Every structure is written in structure tokens, then in C-alpha cells.
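Novice: What would the 3D arrangement of this be:
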Amino acid sequence: MRGFGDIFKIADLKKKVLYTLAIFAVYRAGASVPVPGIDVGALRMFFEQQAGGLLGFLDMFSGGALGRLSIFALGIMPYINASIIMSLLRTTIPHLEKLQKEGEAGRKKITQYTRYFGVAIAVVQGFGLTFWMESMEAGGISVVQSPGMAFRIITVLTLTAGAVLVMWMGEQITENGIGNGISLIIFVGIIARLPSGIGTLLGLIRVGEITLFGGLFIAAVIILITGVVVFVEQGQRKIPVKYAKRVVGRKMYGGQNTYLPLKVDQSGVIAVIFAMAVMLLPLQLAQFFPETALFASVTEYMRPGYWPRTVLYSALIIFFCYFYTAITFNPRDVAENMKKWGGFVPGIRPGKPTADYIDKVLTRITLIGALFVALIAILPDYFEQLFGAPFYFGGTALLIVVGVSLDTVGQLESHLIMRHYDGFMKKGRMKGRYFNL
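Specialist: Here you go, the predicted structure:
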């Protein structure tokens, strides 16, 4: 707790944290403001009928914004979809690849393209969501009070403006806050649903639908899975590296032993977010035809616990784990830098053999990490089917919450250590060995 108290002793870090919290407050306030022309009572009844299905899953990741059809109902998904497409195009379009190599100026240009693309996707998704709204009804009451062209235009403009504002807030957190703005926006939306999930579980225990032992069992499973996710997210494969001694002038450099850390889950939370965004794309397209068999089929096949969704979701997670690792970590560059500074892996020749060895190790541990992430992502769907439990905190949500939490704590830790504070992790000594408290 003293480490958290030190945050507010550093003026710059305190300003970043308070700025981030202020953005969170604005985002949560906007998630409670419905678009014009909505019957709130009929809307609440409609989502109560759909609870536990695919719509409940989507509503959880929007922090309840979709369930209220708020101005932030589209959330950050248009920007994420644009980022995925731009990442794929970056490896196929020479102009984008050239911009990527131009440093900060090129990256800013790509970011600007991503914003424009995100706005275009928001317009398309806004039209789809608007058509879907007009088909909603509960108890014979239509959710939209006055459907028609005027409602569609106003709603699309409102939803697009909301998506742009959420995009801007995420970028502001990244630039002026504590970083990871886009991930933190999703994080806040998930955490906002946690109290209601706990309240629902306690209510089921109170009325006897779930026994006290069953409730304790669910809590134990949540704690166990959370611990395993943290363990794997922090897991590393350390490749030993030695640096040869060399004399420059009168000084001797090198000669030390170190290691190259390779994370088991190199992509972190990005692969899960990307896979989730692609999974939602068919439903978003089907919203243009809400009363057709296409919409019904997509909703049926994409519902949690159904095997087509399980197979597709797992395949997407594994693909994006490898894809993100490939575009962010280049074994050839690492091997060349090691060779330049006189470093080598014991038993491996410098240069291309070292790059091949690193790539081989990275491919194997990425497979382990990707399979683990896919397993955790689909586990709650079947857990809910087997035990009938409202497993609100698990799977994809848990992976995102744990991943973003670890990244955020790591950034705060680096700020504290840089300013000569102890940080959150302290070194202790026991029987001559160091360990992390």
C-alpha cells in the first residue's frame, strides 16, 4: 500500500493518474446517456429477455453501453477493427510499409489513416445498429418510439460522434495519462459490470437457486483461474546471452552474462481484443437485416457455448497471437544487434543461426501461450452450461482485465523506480536467496 501512496508524492505521476480517472468518469457518464427516441422501459425488458446470450456478452464488453443503447454503444470497437485492418495492410501495401520505417512521423501518418478508417467503420456499424434498434420490441412495445429516416440519420450521427469521442479519450489516456488508453477503455467497461455480476450471484444464493457451497466453489474457481492467468502472463523463457570482452582505449567492456527474456504470451491482451473484434463483425453486418434468416443464423452460431463459435474464436486467438508476435518481434534484428555488440548464445553461432534459434524457441512458446489463452477464453461458456452459474468474470473478460492490470502496474512501477521510489515490488532475502514479495 505504501507503493500506491508514493504515486501521489510525484507531481507528474499524480497528474497522469488523476487525468486518467477523469477520462474514465466521462466515459462512464456517456455510457449512461441513451440515444434520442428510445423507450428505456422496453429496452430494459428486451435485454432482460436476452440475458446470458450473445447480446449479454456484447453488453459486458461495452460496459453496459449497448444495453442502454447509449451514445457510446459502439464503444472502441470501430477503432480496433480499423487497427486490425491497417495492421494487415501494412505488410501488403508498400506505401504503408515505407511509412512504418520512417520512424515517429510515419507512425503518426498511419495513426491518422487508422482514425479515418475507424470513423468510416463507425458509420457503417451505426447504420447496422440503427436498423437493429428498429426491429427491437418487448411485450409488444417497440424500443424505437418513432422509426424512420429522421431517426436513422440522427442515431448514426450520434453513434459515430460517440465512437470518435471514445477513440479520442483512449488516445488522450495514452498520451497524457498512464498509457494503454484503448485497452484501459475496455478494462473500465468490464470492471463496471463486475459489481452487478457479484450482486446477481449473491441474489441467487439468497433465494436458494445456488447453494452456499456452489457460490464458494465459483469464487474459488475465479481465484484459481486468475492466479493461473497471472502466472502465465508473467511467464518467460530466458535465453542465456554472453558478451565477449573487448578493450576500447584503456577500458574493458563486455564479459558479462545476461539473458534474452521471451514472454510465453508475447501478444498480451492484444490478441484477445483483436479476436473478439473479428468475432463481432458478422453480427454487426447481419444487423442490417435484423428480421431475416441471416441475422437469426449468425446469432445462433455465434452464441456462447456453441461449437462453431468455440472453434472460430480459438483459431482467431491463436492466429493473432502469432500475427502480433511476428509484427512486433523480429528475431533477425535481435540477432544482428547481439552480434554488433559482441553477444552470442552459448553453443549457437552469431548471425543467422542465432536468429533461427530465437525464432524456433519463440514459435514453440507462442503456441503454448496461444493454446492457454484460447482455453481460458472459451472455458466460462462451458462452465456456465455445466453448473448453471452466472460466470460474469472469466474467459475473455478475465484475460483482458489481468493483462491490462499487469501492464498498468508495470508502467506505474517504472515511473516510481525512475524517481528513486521502491515501487510496488520489494526485494527480500531469505536463506541467502532473493525473492519478490
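Novice: in the protein, which spans are strands?
Specialist: Counting by DSSP state E, the chain has these strands, from start to end: 137-138, 141-142, 236-243, 246-248, 251-253, 257-263, 343-344, 427-430, 433-436.
Novice: what's the least confident stretch among these?
Specialist: Comparing mean pLDDT over the strands of the chain, the weakest stretch is strand 433-436, at a mean of 35.
Novice: Okay, helices next: where are they in the stretch 251-400 of the chain?
Specialist: Assigned by DSSP state H, counting those that start in this stretch, the stretch 251-400 of the chain shows helices spanning 270-286, 293-301, 307-328, 331-340, 352-387, 395-418.
Novice: so which of these comes closest to residue 107?
Specialist: helix 307-328 (13.0 Å; Cβ to Cβ). Every residue, glycine included, has its C-beta placed from N, CA and C.
Novice: For that closest one, C-alpha coordinates in CSV please.
Specialist: What follows is helix 307-328, C-alpha atoms only, in CSV (Å, rounded to 0.1, in the frame of the first residue of the first chain):
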residue,chain,number,x,y,z
TRP,A,307,-19.1,-25.3,-31.1
PRO,A,308,-18.8,-23.1,-34.3
ARG,A,309,-18.1,-20.1,-32.1
THR,A,310,-15.7,-22.0,-30.0
VAL,A,311,-13.7,-23.3,-32.9
LEU,A,312,-13.6,-19.9,-34.7
TYR,A,313,-12.8,-18.0,-31.6
SER,A,314,-9.9,-20.3,-30.6
ALA,A,315,-8.5,-20.2,-34.1
LEU,A,316,-8.6,-16.4,-34.2
ILE,A,317,-6.8,-16.1,-30.9
ILE,A,318,-4.1,-18.5,-32.0
PHE,A,319,-3.7,-16.6,-35.3
PHE,A,320,-3.5,-13.2,-33.7
CYS,A,321,-1.0,-14.4,-31.0
TYR,A,322,1.4,-15.4,-33.8
PHE,A,323,0.5,-12.4,-36.0
TYR,A,324,1.1,-9.8,-33.3
THR,A,325,4.3,-11.6,-32.3
ALA,A,326,5.6,-11.6,-35.9
ILE,A,327,5.0,-7.8,-36.4
THR,A,328,6.4,-6.7,-33.0
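Novice: buried residues in that helix?
Specialist: Of the residues in helix 307-328, 309-310, 312-314, 316-318, 320-326 count as buried by neighbour count, 16 or more other Cβ atoms under 10 Å.
Novice: next one: stretch 13-23
Specialist: For stretch 13-23, by 16+ other Cβ under 10 Å, it's 13, 16, 17, 19, 20, 23.
Novice: Pretty sure the last one sits against residue 178.
Specialist: Going back to what we said before, that points to residue 23. No. Taking Cβ atoms under 8 Å as the definition, residue 23 is not a contact partner of residue 178, at 10.4 Å.
Novice: measure residue 218 to residue 231 for me?
Specialist: Separation of residue 218 from residue 231 (Cβ to Cβ, to the nearest Å): 21 Å.
Novice: Compare the two (neighbour count), which wins?
Specialist: Using other Cβ atoms under 10 Å as the criterion, residue 218 and residue 231 rank with residue 218 on top: 20 against 10.
Novice: how close does residue 23 get to residue 30?
Specialist: Separation of residue 23 from residue 30 (Cβ to Cβ) stands at 11 Å.
Novice: typed the wrong thing, it's residue 404
Specialist: 20 Å.
Novice: which one of these two has more residues nearby?
Specialist: Legend: neighbour count by other Cβ under 10 Å for residue 404 and residue 30, higher for residue 404 (23 against 16).
Novice: Against residue 136, how distant is the more buried one?
Specialist: From residue 404 over to residue 136 the distance is 32 Å, taken as Cβ to Cβ.
Novice: what's the answer for residue 311, then?
Specialist: Between residue 311 and residue 136 the distance is 30 Å, computed by Cβ to Cβ.
Novice: ditto for residue 408
Specialist: 37 Å.
Novice: what about the two, which has more around it?
Specialist: Higher neighbour count among residue 408 and residue 136: residue 136, with 20 against 17, using other Cβ under 10 Å.
Novice: Show the pLDDT at the closest residue to that one other than its chain neighbours.
Specialist: Of all residues beyond its chain neighbours, the one nearest residue 136 is residue 143 (3.8 Å), with distances taken as Cβ to Cβ, 6 or more residues apart in numbering. According to the prediction, residue 143 has pLDDT 80.
Novice: And for residue 115?
Specialist: Looking at residue 115, its pLDDT stands at 91.
Novice: tell me the contacts of it?
Specialist: By Cβ atoms under 8 Å, 6 or more residues apart in numbering, residue 115 lies in contact with 79, 82, 167.
Novice: So what touches stretch 78-87?
Specialist: For stretch 78-87, contacts defined as Cβ under 8 Å, 6+ apart pick out 96, 110, 113-115, 117-122, 125, 163, 166-167, 170, 182, 273-274, 277-278, 281, 323, 327.
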